[in-house]
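Trainee: would you be able to build a 3D model of this:
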Amino acid sequence: MRRGRLRVLLGAAPGVGKTYEMLQEGRRLREAGTDVVIAVVETHGRAATAAQTEGLPQVPRRQVAHRGVALDEMDLDAVIERAPQLALVDELAHTNAPGSRNEKRWQDVEALLAAGIDVITTVNVQHIASLGGVVEQVTGITQRETVPDAVVRAADQVEVIDLAPQSLRDRLAAGFVYPAERIDAALSNYFRLGNLTALRELALLWLADEVDSALNTYRAEQGITGTWQTRERVVVALTGGPEGDTLLHRGARIAARSAGGELLAVHVNSQDGLRADTPGALAEQRVLVERLGGTYHQVVGSDVPRALVEFAQSVNATQLVLGASRRGRLQAALTGPGIGATVIRASGDIDVHIVTHAAAGGRAALPRLAGTALSVRRRVLGFALALVGGPLLTWLLVAGRSPESITGDVLAYQLLVVLVALLGGLWPAVFAAIMSGLTLDYFFVDPLYTVTVADPLHAWALILYVVIALLVSVVVDRAARAARTARRRAAESELLAAVAGSVLRGQGSLPALVTRTREAFSLAGVRLIVDGETVASDGEPLPGGGDGDSGPAPVEVPVGDHAVLELHGGPLDASERRLLQVIVTQLEAALTQRRLEESAKDAEVLAQADQVRSALLSAVSHDLRRPLAASVAAIGGLRSGGAHLSNADRAELLETADESLATLTRLVTDLLDVSRVQAGVLAVSLSPVDAADVVLASIDELGLGPDRVDLALDDDLPPIVADPVLLQRVLVNVLSNALRHEPDGATRVRLTTSRLGATAQIRIVDHGPGLPPERRDDAFAPFQRLGDTDNSTGLGLGLALSRGFAEGMGGTLTPEDTPGGGLTMVVTLPVAEQKPEVTR
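Mentor: Take a look at the predicted model:
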């Protein structure tokens, strides 16, 4: 029997339109002639969804009694007996009522597919089993109804029903998803913008991985080995060498340039196990790979370039990052092309990056001018050419010797001398001239096979050989010196330009200057010490350096009056010290700039403090004057009136004095509290607290009734960690502001409690004018009245104190927009840890 085809409509959250899309597709297929039935659909009271069921035949559900309640479930047997071409099955993760044929609805779908019936079904990403832990971290809700990944992955077609998070919130606020009484709670908890964005990303990434897996399966079945650049995948080859960190960071930057880029690190083990790996470095680099969001792999192969290319092709890589070879030129000439060159030839469509690093030779090191202009390696090669080329040339010339060939023989040896001089300089050329002269005399000048110089012309020729060799070698040596000097001057210019640029850029100039210093002089390490504290360093100091132990002492160069530059790695010659002095001057400028920046920051702090003091004086002059004047007037009236005052006048004056003094007490208390918050000495006594008790105490303090505040408290909310006195002051302040801005008689302030993961949230929702996002930080500044209170009372400390108290208890106080207009203040505090109950 033909097995049915499964199509899954995957959504990021309820309300994105999965069921609506499933019903629309069913209607379209029915109009095209397909036999379609609704096996089960949950409309959740949504009129638009219910309207789409019209015209589609439905298989009646069967009722299952459970604990005295009749539950409607899909009648699996009736659907199979009906045998439609296509069945529409909503909510794939649904758990069937006890007594049903299968425990889960996805098992019912498997039965329909086995019966040859095609199925279109819906599921949200939070119900996929492998994503349960991630979803719980994001939303704080544990999903009990899940579908195995294998069931969804086995579907013939998976389609994401996508909707932008803000559009979903707008749909929810408009009442298209939940009834009105559930809208505020949903928007405040599960349907927060951050939650929806994260769930949407999960859905898209899960589908992208599934598509990628299907693509790899297709490529394997079709025998396709070429790279299809459907996604940026960067493979970094690791050897365990010191360049690994540099390569990984470069690969991570390349992968980050495109959305969905992947970083993979690979290390090739030799089949014989004799390759000198460094397990410690590889372990550290593996940790770095995971920290950068990549994956680490190991492959075995005797041919490293081939193994690298085969691995890159197997993962469909688009980029391959290798380190520049650590081999010298002589070693490269003797051992042939390196891994990098071989990988480039074999890489095909894969882009190969050869990244330089410190172990590859240090591109920024300045050429040395001390000693001979030609390196020891070139002089050794010059001697080697004379020793190898002389006998070889002699063998060739002796084989073709004739009385007329003496002139050509002499020119041939002269050419050899010139080549040796060009390669090795003065002394190899002198050696080649003497040896060639003796060889000419022994093999080509009569009498043969003796070193006797019978003719003075032969002795003169030998002298000419030596003179010509000296002249050529001197010219070559001078040219090499001039080239080395030019390279050094160019390197110095580049270094000075980089140093000047570092100082001009300001931030990070000291580390950049120290790094350039170490690279320029090929030092092991450089440290800049200011007043005994290391402020910038690069490289590693030599063992024992500067500590009195074995090892060379560092070179210390003063930088101004309070700083020292430590150079580890050997002395510097005169020209290098001249350049170092230029760098020291730039370091002094950078340190001066740093001190100026610190002074500017201190001045900015003082300016802010002065601004606070000015605001305080302004507030005090405005807000303390009225209660102080009222209390003085009331007490003065009592003293002057004496017995002439009636009981009613006396009571009124006493009440005025009492109210004014209470206002003064409250204002002074707020001033003391805000000073303690800003000084970081707020006394907090944390303990497990029932949020509902504090909420009710705050409402009682303000004298609020059901006509002013709408409560929606979570009965299952566990105790929270808070100071009950401080929390009550926070709620009183925030509630007072919300009530002040709530439209009179139109709506009520709503206060809700809920749990979100390891935290609890207390939300105070008003429907007033709200607060623009760009002005919300100002609302929490001391001594202002923006969103805090009106100009007739208060110092503008309510929200500043509330945020300080919340943060002092380890929580936060943040503003959010209220759907439909207004401001929602969210107090977030940690939930107290629940001790497990012990069963005796």
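Trainee: what number of residues are in the vicinity of Leu71?
Mentor: 16 (other C-beta atoms under 10 Å). The way it works is simple: take the backbone N, C-alpha and C, and place the C-beta from them, glycine included.
Trainee: now the strands for the stretch 601-750 of the chain?
Mentor: 687-689, 709-712, 720-722, 749-756 (DSSP state E, counting those that start in this stretch).
Trainee: for the longest one, the distance to its chain's centre please.
Mentor: Looking back up the chat, that one is strand 749-756. 33 Å (C-alpha atoms, centre = their mean, to the nearest Å).
Trainee: ok, now stretch 826-835?
Mentor: 28 Å.
Trainee: quick revisit: just say which of the strands of the stretch 601-750 of the chain is most tucked in.
Mentor: With neighbours defined as mean count of other C-beta atoms under 10 Å, those peak in mean count at strand 720-722, which reaches a mean of 25.
Trainee: which secondary structure elements does that strand contact?
Mentor: If you count contacts as 3 or more C-beta pairs under 8 Å, 6 or more residues apart in numbering; DSSP states H and E, strand 720-722 packs onto strand 687-689, helix 691-702, strand 823-830.
Trainee: select, out of the ones you listed, the one closest to Thr19.
Mentor: strand 823-830 (30.0 Å; C-beta to C-beta).
Trainee: which strands border that closest one, and is each parallel or antiparallel?
Mentor: strand 759-765 (antiparallel), strand 812-817 (antiparallel) (DSSP bridges).
Trainee: so that strand versus strand 749-756, what angle?
Mentor: Relative orientation of strand 823-830 and strand 749-756, computed by axes from the mean of the first three to the mean of the last three C-alpha atoms, to 10 degrees: 30 degrees.
Trainee: pLDDT of strand 823-830, averaged?
Mentor: Per-region confidence: strand 823-830 scores 90 on mean pLDDT.
Trainee: quick one: it to chain centroid distance?
Mentor: 28 Å.
Trainee: picking up where we left off before, the strands of the stretch 601-750 of the chain: which one's closest to Leu288?
Mentor: Going by C-beta to C-beta, the one of these nearest Leu288 is strand 749-756, 33.0 Å.
Trainee: can you tell me which helices and strands the closest one packs against?
Mentor: Counting by 3+ C-beta pairs under 8 Å, 6+ apart, the packing neighbours recorded for strand 749-756 are helix 180-188, helix 691-702, strand 709-712, helix 724-741, strand 759-765.
Trainee: return the most buried member of the ones you listed.
Mentor: By mean count of other C-beta under 10 Å, the helices and strands packed on strand 749-756 have strand 759-765 as the most buried, with a mean of 24.
Trainee: now tell me what touches that strand from outside.
Mentor: 140, 184, 188-189, 691, 695, 717-718, 720, 731, 734-735, 738, 749-755, 811, 818, 822, 824-831 (C-beta atoms under 8 Å, 6 or more residues apart in numbering).
Trainee: again with stretch 767-774
Mentor: The contact list for stretch 767-774, computed with C-beta under 8 Å, 6+ apart, reads 738, 741-743, 746-747, 779, 786-787, 815, 817-818, 820-823.
Trainee: just the buried members of those residues?
Mentor: 738, 741-742, 747, 779, 787, 815, 817-818, 822-823 (16 or more other C-beta atoms under 10 Å).
Trainee: reformat the residues you listed as JSON lines; add distance to Leu131.
Mentor: JSON lines is the format used below for the buried ones among the contacts of stretch 767-774 (distance: C-beta to C-beta, whole Å):
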{"residue": "Ala738", "distance to Leu131": "37"}
{"residue": "His741", "distance to Leu131": "41"}
{"residue": "Glu742", "distance to Leu131": "41"}
{"residue": "Thr747", "distance to Leu131": "38"}
{"residue": "Ala779", "distance to Leu131": "38"}
{"residue": "Gly787", "distance to Leu131": "39"}
{"residue": "Pro815", "distance to Leu131": "31"}
{"residue": "Asp817", "distance to Leu131": "29"}
{"residue": "Thr818", "distance to Leu131": "31"}
{"residue": "Gly822", "distance to Leu131": "34"}
{"residue": "Leu823", "distance to Leu131": "34"}
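Trainee: quick check: the two most widely separated of those residues?
Mentor: Thr747 and Ala779 (21.1 Å).
Trainee: in a helix, Leu385, correct?
Mentor: Yes: using DSSP: H, G, I helix; E, B strand; the rest coil, the secondary structure at Leu385 is a helix.
Trainee: list the residues that contact Leu393.
Mentor: 412-413, 416.
Trainee: point out the least confident one among the residues you listed.
Mentor: Within the contacts of Leu393, Tyr413 has the lowest pLDDT, namely 81.
Trainee: what about that one, neighbour count?
Mentor: Around Tyr413 there are 24 other residues, counting by other C-beta under 10 Å.
Trainee: could you find the closest non-adjacent residue to it?
Mentor: Ser436 (4.0 Å; C-beta to C-beta, 6 or more residues apart in numbering).
Trainee: can you give me the buried ones in the host helix or strand of that neighbour?
Mentor: Per DSSP states H and E, Ser436 falls inside helix 426-443. Across helix 426-443, burial judged by 16+ other C-beta under 10 Å covers 426-437, 439-441.
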